[in-house]
Structures are given as C-alpha cells and as structure tokens.
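**Student:** requesting a structural model of the entry that follows:
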Amino acid sequence: MRWAFLWALSTLAVLSAQPSHAQLLDPVKFTVGSVPTDVTSGQTLDVSLETTIDGNWHLYAVSLDPESGPIPTQFGVVRDGLLRLAGDVSESEPDLAFDPNFDAEVAWHTSKASFEVPVLIGELSETTIPVAAITVRYQVCDDRSCLPPKTKTLELPIQRVNGLTLADLQADQEITVTVEEGVLVGGESSASTTPRLSPPGTNDLAESGWLAFIWIALTAGFAALLTPCVFPMVPLTVSYFTKQSPQGNAKSGSDSTSSAVNVTKTSRGSTGPALLFGLFIVATFTILGVLLSLIIGVSGANQFAANPWVNLFIGGVLLLFGLSLLGFFELQLPYQFTNWLNTQSNEKGGWIGILFMALTISAVSFSCTAPFVGAVIAATATGQWFAPIMGMIAFSAAFASPFVMLAIFPSWLESLPKSGTWMTWVKIALGFIELAAAVKFISNADLVWQWGIVSRPFAISIWIALSLLAAGYFLGLYAMGHEKRPTSISMPRFALSLPFLVFSIYLIPGLLGASLGLWDAWLPPKQATDVSVVRSVMLQAPRGEPGTSLEAEEGWLDDLDEALALGQETGEPIFIDFTGYTCTNCRAMETQVFPLEEVSSRFENFIKVRLYTDDGIKGPELQKRQFELTGTVALPTYVLLDGTSSQKIAQVSGYIPAEEFISFLDKGIEE
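**Tutor:** Model (predicted):
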C-alpha cells in the first residue's frame, strides 16, 4: 500500500510541476512602494516601484532607444483616471550589454530594478474614473528568445481624495476593483488606456467552456464501457476482486475456477482493493494527459489548438478510429504484451497484482477505448495546457467507476444486461459520429491553409451522407463487416435509426444557405462563393475569388492599421474581432449573436475589423498585436476603440450572450 501511495504521489508531483512553468510567461513582478493614503487634487507624488526579474530574463530600460529593436519600459496612467504624469521617469542604473536577439548593444535590467514615477493628483469630476493606478508596458528577453510586450495596471494604495473615499466613489459608479499581487485583475491593457474594470454580472466565459469539455470526457468514458471489448471485462474483473476478498480467499481452495456469474452470490466485495484498482486506471490514463500537457506546454497551447498540422492529425486519428469502430479493421496492442500483463496480474498478489490487473484492463480495452481517448484529445483544442490532464481524469474516472462499484457490490452484476449484438450497434453508431467529428478538424486545416476544399456545403453534405448511412445500417439496408443483413428490424434498431434520420433532415436547409443554429459553430464559415446543391445544379455558380468570404460584403476590414486611420478620419468607434479559423466559439458568435437585429443595427455605428490570429501567414503578427492591445490571446476577443484617439474603451472574451454583447456594444456608441 505504501508503494501505491508513492505511485499516486509521483503523478501529483508531475501535475504540480506545471504551474511553475506557467510563471515563466510573466517573469517580472512590480511592487508599489510607500504612497500616502490620503491625498488632495494638485498634489504631486513620486511613486517608487521595485521590480524583480526571474531567471535569465532581461527587462529593457526606460532610457533605451526604441530604434535599437526591443521595446523600452514605458509608464503611463489610466485614461480618464485620477492620476496624471508629472515628469520623466527615473530608474536604477541599467546594464549595457550586447543583445543577440536584436544584434545590438542595449540597456537592460537583470534580477532587480527600481523606478520612480512622478504623478499629479487630478481633479474629481463626473467623467473621472475613481481609480488611482499607473500602467507599465515592458518587454523581456533572455539569450535565446523574447516574450511579447506586456502591459500591466498597478493600483496605488490611495484611499481618500479631497476627503472622499475612493471605494465609495467606485461603488457609486458600479466599478469592481480587485487587486492581486499589486496588479488589477483583468487590468492588462495597452498603455494609457482604461483598465478592464468589471461591472456587476460579468460573464464567466471559461466556466461554460470547461463544463462542456468535462461533459464530453465523462460521456466518452461511459460510452467506452458499452463497447464489445470492454463490457465483457466487467464480470471478469469483479471475479478477480471477489477472489481477493476474505470470502473469496476462503473459497479459493475448493472453487478457484468459479465463474463470473457465481460472484453475484457475494453481496459485498473488498472496498480497499477496488478503490486502488480504480485509482490505477485513472493514473494510467492521466499519465497520458500529463505527457500531452508536457508536449503542448503552456506557451504552446493556443498554437496547438490552431496549428493546421495538429488539426489535420486529429482529423486523421478520428477518421482512423471511426473506421475501426465500423469494423473495417481492429486496433490492437501486441497480444504478447497483453498476455504478459494478464499473467502478472494473476501471479502477483496485493497491490502489485491490482496494478497489473488495471494495466491489463487498459491494454485489452485499447482497441475500443482508443477512439474515445482520441475524442477527448480532440477536445483539448481549447488553448489550455492542462486540458489533456483534466480530460483524461474525467474520462478515466467515468470509465473506472463501474468496475469499482461492481467490485465493491458484486450482487449488482445481476442487473446488468447480457452481452450481445446491442454492443455492436453502439460501436457502429459511435463510429459514424467519430467520422463526422473528423470533418471539423480537417476543415480547420483547410481554413488555415486557405485551400477552399472543405466548404460549408461540402461539410454539410458529408454529415448528411454519414447520417443516412448510419440510419440505413440500423434499418437493415446493409450489413457491416462479417454481419449478415437482418431479415427483420427490431424496435431497438429502428429507434437507433431515428436520431440519424432526423439529423439528416435537419441539415438539408443548411445546403440551401439557411442557418443551422449552434451546429454552425462546428462547420466552416459561410463564404461568398458558397452555393447550395440545388443552385449549383440549376444555375451557374457565382464567380469570385476562391475563399472570398462574406466579410467584405458585410463591411468588415481585415487590416487594423486601415481601420485606425479610417477611425481618425471619420471619428467613428472601432470594433475589433480577434477571431480564428479553428475557433468554435467564434463561429457560434458569428452565427448566433452577430445576425440578431439588435446587434447588426449597432454594428452600423462602428468601423468593423476582423483579424484571424491563427492565419498561416499573418497569424503570428496579429496574435502579437492582440496581446499588446488586450493582454490575452484568448479567442474570440472583442475590443472597442475610440475612433479619434484610438484608445481602448472596453474588451470582452469568449462566447457572450446576446444581451451582454449588446450592452458591450453600447459602451462604444455612448462613448
């Protein structure tokens, strides 16, 4: 049992090591020095900042010439805030050194640095945001690489101005300000702009995404149990544990070959070994998730999610697993390996035998669990480095739970359905679903590379064909593999055909250009050259450049500098849509929220620009500009800019319900 504990502890140690890697993305920490808590308008303060710089990173000096390449450290104040800059910023003596990243001699700080920022307390008015904060924009590099420029908003510990309490003023304006290590939470923004101060009721976008992801993993875990190579293993596993229990050991001398059915006579099994067995199964699958996280890494999570090669690989894996479930071939580990594991589980006692039993179950069930593990891995395209770990924990917990519960309560086996053809039906249905899911990831690669092959009508046609093929199988129109075509259709088979028939009928309007609701999020975006199947047969397809989207027709620009110049010329506010070809939530917003009358009418007041940060050519530069402007690379991210000054008004990220998105747009119109 002690070694079992060390097994679990080592797994947790690997998991806990990840956050330290995440911290390297922001190796600079600013600490605000002593500042009076009670001030008056017109008073000048010298704000001292102590800075610590981790590892071998370098923070570029304030005095650095921008022409040398890197971005110097720059200080500013919050737009319309309480403070004003009152002079030049002073800094501790920087080091002069040669920077191989820019092939130039530069001034930088290592380990520690101090800055002094003179600020003036401004007048309080109705337009003043009651926030006493300064902004700092900086860039750090080491000898091999540089991180994107970052902007932080640092709050000063000022509590009262002209006898008025800032907290009361913030409450009056319905502004929530929370501080974490001297940085306003969500306050990363470009210099001299309004920080993201959260109004009441701000949507927690990440929560809904994680709930959906965990639900996919749990569903995959339970669905894997219904496959032919897993379900029959349940009673065999329970039989193993009853032999390990005191009751089982008492009988082993006279009835060591008792069948799995006989174990149901024992009402209660051994709790400890069963729980340990479940822990080993969870650990086995979770290690796979850990390895994926180590490979992906925190800095590569978004690149992983958007990389066309990764999407093409995932699509290929789903295609392979789907065909395997349909019976075209069988994925198996070498039988010598599975036989060796089975022998070890029978010969070894105690926790070692339980460990080998768990490994045996994982290995024997590989041909059926691999497609579901592939589905969970596909769902890790969330841009989160720890998604594979959470997905594998959820999947394996669902997968192991029946084994554990039936090992503890063997009598429950009597209520399980017998193995039979119904398990083959489950495999076939899930195989068609995996083939349909493969279309999503292959289309992602197609979009990034701008091939224009997997269009929206083409993807819908494939889905309809797969749905009709699945329905035809269950209706007995043809057989799979070594099966014989049924002479009659049972009610369960007919019931299984109905969802596929209904779904194929539901998809048909999409071929005519109609919206398909939330399913549009899983399809390629509409293109100006998309035509329905009916129109392509009866009429000549409209001419246009391949890949031309509807964006130009709807007034969307694709150049941020052009939008900024147009904003300064006209004074109209700017709406920036940082999106991605592979972003499901982006498609959901574009198909479910943007077309609403209340939204589209408000869009007429903006200069609209849409930037694909996962584009194969412009993507890296656009992602860098997004990070500089917003402090995040999350997709989608929406930003409102003042047209005249190009200063940021507000920003949000993720899928936003229509009412909240309308309120967000109104901020730009009112400004």
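
**Student:** average pLDDT across stretch 211-227?
**Tutor:** Taken as a whole, stretch 211-227 carries a mean pLDDT of 73.

**Student:** can you give me the buried ones in stretch 472-492?
**Tutor:** 473, 474, 475, 476, 480 (16 or more other Cβ atoms under 10 Å). C-beta coordinates here come from the backbone N, C-alpha and C atoms, glycine included.

**Student:** tell me how many other residues crowd residue 90.
**Tutor:** Per other Cβ atoms under 10 Å, the neighbour tally for residue 90 reads 14.

**Student:** how about residue 114?
**Tutor:** So residue 114, with other Cβ under 10 Å, has 15 neighbours.

**Student:** isn't it up against residue 52?
**Tutor:** No: Residue 114 is not in contact with residue 52 according to Cβ atoms under 8 Å; the separation is 10.5 Å.

**Student:** want to try TSV for the buried residues of stretch 472-492, with distance to residue 278, secondary structure and pLDDT as columns?
**Tutor:** TSV is the format used below for the buried residues of stretch 472-492 (distance: Cβ to Cβ, whole Å; DSSP: H, G, I helix; E, B strand; the rest coil; pLDDT from 0 to 100):
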residue	distance to residue 278	secondary structure	pLDDT
473	35	helix	90
474	34	helix	89
475	40	coil	91
476	40	coil	87
480	33	coil	80
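
**Student:** and the two most separated of those residues?
**Tutor:** By the measure Cβ to Cβ, the buried residues of stretch 472-492 have their two most distant members at 475 and 480, which lie 13.1 Å apart.

**Student:** which helix in this protein has the most residues?
**Tutor:** When every helix of the chain is counted residue by residue (DSSP state H), the longest turns out to be helix 421-449.

**Student:** what residues sit buried inside that helix?
**Tutor:** 422-449.

**Student:** for the stretch 501-650 of the chain, which segments count as strands?
**Tutor:** Using DSSP state E, counting those that start in this stretch, the strands found in the stretch 501-650 of the chain span residues 556-557, 574-579, 607-612, 637-641, 648-653.

**Student:** likewise the stretch 1-150 of the chain?
**Tutor:** According to DSSP E, counting those that start in this stretch, the strands that the stretch 1-150 of the chain contains are 28-32, 38-39, 44-53, 58-60, 74-77, 83-85, 90-91, 95-99, 104-110, 112-121, 133-138, 140-141, 150-155.

**Student:** strands paired with the second one, and their directions?
**Tutor:** Taking DSSP bridges as the criterion, strand 38-39 forms sheet pairs with strand 160-161 (parallel).

**Student:** tell me which helix or strand comes right after the partner strand.
**Tutor:** Next helix or strand after strand 160-161 toward the C-terminus (DSSP states H and E): strand 164-165.

**Student:** what lines up beside that following strand in the sheet?
**Tutor:** Here strand 164-165 has these sheet partners by DSSP bridges: strand 160-161 (antiparallel).

**Student:** and the contacts of the partner strand?
**Tutor:** Applying Cβ atoms under 8 Å, 6 or more residues apart in numbering, the external contacts of strand 160-161 come out as 37, 38, 39, 40, 41, 82, 121, 124, 130, 132, 166.

**Student:** number of nearby residues for the nearest residue to residue 77 once chain neighbours are set aside?
**Tutor:** Sequence neighbours aside, residue 83 is the residue nearest to residue 77 in space, at 4.5 Å (criterion: Cβ to Cβ, 6 or more residues apart in numbering). Counted with other Cβ under 10 Å, the neighbours of residue 83 add up to 23.

**Student:** need the contact list for residue 37.
**Tutor:** By Cβ under 8 Å, 6+ apart, the contact list for residue 37 reads 157, 158, 159, 160.

**Student:** ok, 6 Å please
**Tutor:** 157, 159 (Cβ atoms under 6 Å, 6 or more residues apart in numbering).

**Student:** and it, backbone torsions?
**Tutor:** phi -90, psi -20 (degrees, to the nearest 10).

**Student:** can you tell me how far it is from residue 158?
**Tutor:** Distance, residue 37 to residue 158, using Cβ to Cβ, to the nearest Å: 6 Å.

**Student:** ok, residue 493 - contacts?
**Tutor:** Each residue near residue 493 by Cβ under 6 Å, 6+ apart is listed here: residue 474.

**Student:** about what we covered before: just the buried residues from the contacts of strand 160-161, in PyMOL please.
**Tutor:** Command for PyMOL, covering only those of these found buried under the criterion 16+ other Cβ under 10 Å:
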select buried, resi 39+82+121+130+132+166
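
**Student:** pick out the most distant pair among the contacts of strand 160-161.
**Tutor:** The span of these, defined through Cβ to Cβ, is set by 37 and 124 at 16.4 Å.

**Student:** residue 90 is nearest to which of the strands of the stretch 501-650 of the chain?
**Tutor:** So among those, strand 648-653 is nearest, using Cβ to Cβ, at 27.9 Å.

**Student:** listing partners with orientation, what would you give for the closest one?
**Tutor:** Strand pairing for strand 648-653, determined by DSSP bridges: strand 637-641 (antiparallel).

**Student:** which residues touch the partner strand?
**Tutor:** Here strand 637-641 makes contact (Cβ under 6 Å, 6+ apart) with 574, 576, 577, 578, 630, 648, 649, 650, 651, 652, 653, 668.

**Student:** cool, stretch 51-64 as well?
**Tutor:** Contacts of stretch 51-64 (Cβ under 6 Å, 6+ apart): 27-30, 70, 72-73, 89, 91, 94, 106-113, 138-142.
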